[in-house]
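Novice: Could you look at this predicted model? Sequence included:
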Amino acid sequence: MAYPEPLERLIASFERFPGVGRRTAERLAFHVLRDPPARELAAAIERAVRDTRLCSECCNVARHSPCELCVDPKRDASVICVVEQPKDVEVIERARVFRGRYHVLMGALNPAEGSESEQLFVAPLVARVRRGGVSEVILATDPDAEGEATARLVLEALAASGAQVRVTRMARGLPAGSAIEYLHRGVFEDALDGRVELRLSRRPDAGA
Ligand SMILES: [Zn+2]
């Protein structure tokens, strides 16, 4: 027997979330229907969608676009720290070790989960760098397999664009396999100080 149509649509909506399959979507949908507090979800989603936007510069989620960090004249616009998710910006800001700007990719390459490079905000970063005024891009993706693959993807995209920019990887001091969001201040200081330059070699098949 099929579910009532409105319920079927709710399940289908949950199913579009990353990593959520049919069974989990059903469980979530039934939870929303049965649990009164869960019904606030609809209002919360509506408000979040209405009152936040993606910053046109750094792609972070913010109340306004461009966001506070991108319009702050005290921050160095020539250095861009590239992170996977908004949470990473928050953590690095709390460590107070970085005074440049950010770029949020909104995810990492994870072929196993079917996350594709097109879903990441790599193109807006390349466009930012190509507009000029950027001397260094620091890749601060997580020091795990997905983060490394993502860093490589960004490096290749910058190389293919012909951008003249120094690309570094926040490396030393970052425990392998860890996530940026769990690291503390001293670790970031070491990682920033010890960042290594990556070579922007243009691949022969990258085109003109
Ligand atoms: Zn911004």
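Specialist: Ah, there it is. Numbers count the residues shown, from 1 in each chain.
Novice: got the buried residues for the strand ranked longest in the chain?
Specialist: Identified as the longest strand of the chain according to DSSP state E is strand 76-83. By neighbour count on 16 or more other C-beta atoms under 10 Å, the buried set for strand 76-83 is 79-83. C-beta: built from backbone N, CA, C; applies to glycine.
Novice: where does this protein have its least confident helix or strand?
Specialist: Within the chain, judged by mean pLDDT, DSSP states H and E, the helix or strand with the poorest mean is helix 185-193; its value is a mean of 78.
Novice: What strand or helix carries the residue nearest to Leu200 when sequence neighbours are not counted?
Specialist: Leaving aside its chain neighbours, Leu200 sits nearest to Ala159 (4.6 Å; criterion: C-beta to C-beta, 6 or more residues apart in numbering). Using DSSP states H and E, Ala159 sits within helix 145-161.
Novice: do Val137 as well
Specialist: Here Val137 is assigned to strand 136-139, by DSSP H and E.
Novice: The helix holding Ala159 to strand 76-83, inter-axis angle?
Specialist: In terms of direction (axes from the mean of the first three to the mean of the last three C-alpha atoms, to 10 degrees), helix 145-161 departs from strand 76-83 by 140 degrees.
Novice: can you pull the buried residues of helix 145-161?
Specialist: 146-148, 150-151, 153-159, 161.
Novice: out of those, who's near the ion?
Specialist: Counting by C-beta under 5 Å from the ion, nothing from these sits close to the ion.
Novice: unless I'm mixing things up, Val32 is touching Glu40, no?
Specialist: No: at 9.8 Å, Val32 does not count as touching Glu40 under the criterion of C-beta atoms under 8 Å.
Novice: In contact with the residue lying closest to Val89 once chain neighbours are set aside, which residues are there?
Specialist: Residue nearest to Val89 in three dimensions, not counting chain neighbours: Tyr102, with 5.1 Å by C-beta to C-beta, 6+ apart. Residues counted as contacts of Tyr102 (C-beta atoms under 8 Å, 6 or more residues apart in numbering) are 58, 60, 69, 80-83, 89, 92.
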